[in-house]
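A.B. asks: here are the coordinates; sequence isn't available:
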């Protein structure tokens with residue numbers, strides 16, 4: 001699940017099945033009942049009809065948790081995490097960062113760093129389009145060391161400077177679930 005709307009869909013489907021949930025969060029659901037395989041299959045089908053997937057493979061679940069921590073931090077947090085992100089991710093998911101990074105790269109075909117950069121650039125596009133913050137404020141909000149660093153990274157990913165992007169009439173953005181798949185950052 002990568003949005004609050006996804007969480008609402010999951011809650012709705014669980015209620016339709018008469019299930020009681022303890023937690024429905026981005027990438028995680030905890031229900032009170034122990035489900036037999038037939039009910040799990042029923043839930044999988046209901047979620048699939050809504051475009052969602054029930055995952056029970058531990059590696060896949062961990063990958064989704066990594067993505068969701070990043071998405072939550074970049075798109076839904078009011079302030080960027082000020083500590084080292086690798087430490088934050090390790091602490092949040094209770095795993096060694098090297099293990100998380102290797103697993104993510106192996107399964108996703110991109111690094112955690114590239115995934116974060118892709119999401120940060122998409123968030124920067126959103127903030128530019130909203131027009132409420134200037135580029136200096138956006139750089140601070142997104143935890144860049146300088147406007148030059150933000151601009152350089154933005155141009156590497158999009159091919160445009162932030163100011164050129166702002167001038168475009170057709171400002172192309174990507175849905176959250178499509179962001180972060182193999183790109184090359186030098």
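C.D. replies: Arrived safely, thanks for sending. All figures in this text were calculated on a predicted structure; none of them were measured in a lab. Numbers count the residues shown, from 1 in each chain.

A.B. asks: Next, the buried residues of the helix ranked longest in the chain.
C.D. replies: Secondary structure of the chain per DSSP state H: the longest helix is helix 112-130. Residues 112, 114-125, 127-128 are the ones in helix 112-130 that count as buried (16 or more other CB atoms under 10 Å). The way it works is simple: take the backbone N, C-alpha and C, and place the C-beta from them, glycine included.

A.B. asks: repeat for stretch 41-60
C.D. replies: Buried positions in stretch 41-60, judged by neighbour count with 16+ other CB under 10 Å: 43, 46-47, 52.

A.B. asks: does the residue nearest the centre of the chain sit in a helix, a strand or a coil?
C.D. replies: For the chain, residue 71 is the residue whose C-alpha lies nearest the centre (CA atoms, centre = their mean; 2.5 Å). Classification of residue 71 by DSSP: H, G, I helix; E, B strand; the rest coil places it in helix.

A.B. asks: close enough to count as contact, it and residue 118?
C.D. replies: No: Residue 71 is beyond contact range of residue 118, at 10.8 Å (criterion: CB atoms under 8 Å).

A.B. asks: picking that back up, and the buried residues of stretch 41-60, which of them are in helices?
C.D. replies: Members of the buried residues of stretch 41-60 lying in helices (criterion: DSSP H): 43, 46-47.

A.B. asks: Redo the residues you listed as JSON lines? Include distance to residue 63 and pLDDT.
C.D. replies: Output for these, formatted as JSON lines (distance: CB to CB, whole Å; pLDDT from 0 to 100):
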{"residue": "43", "distance to residue 63": "20", "pLDDT": "87"}
{"residue": "46", "distance to residue 63": "23", "pLDDT": "87"}
{"residue": "47", "distance to residue 63": "18", "pLDDT": "85"}
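
A.B. asks: If anything else comes up later, I'll come back, but that's it for now.
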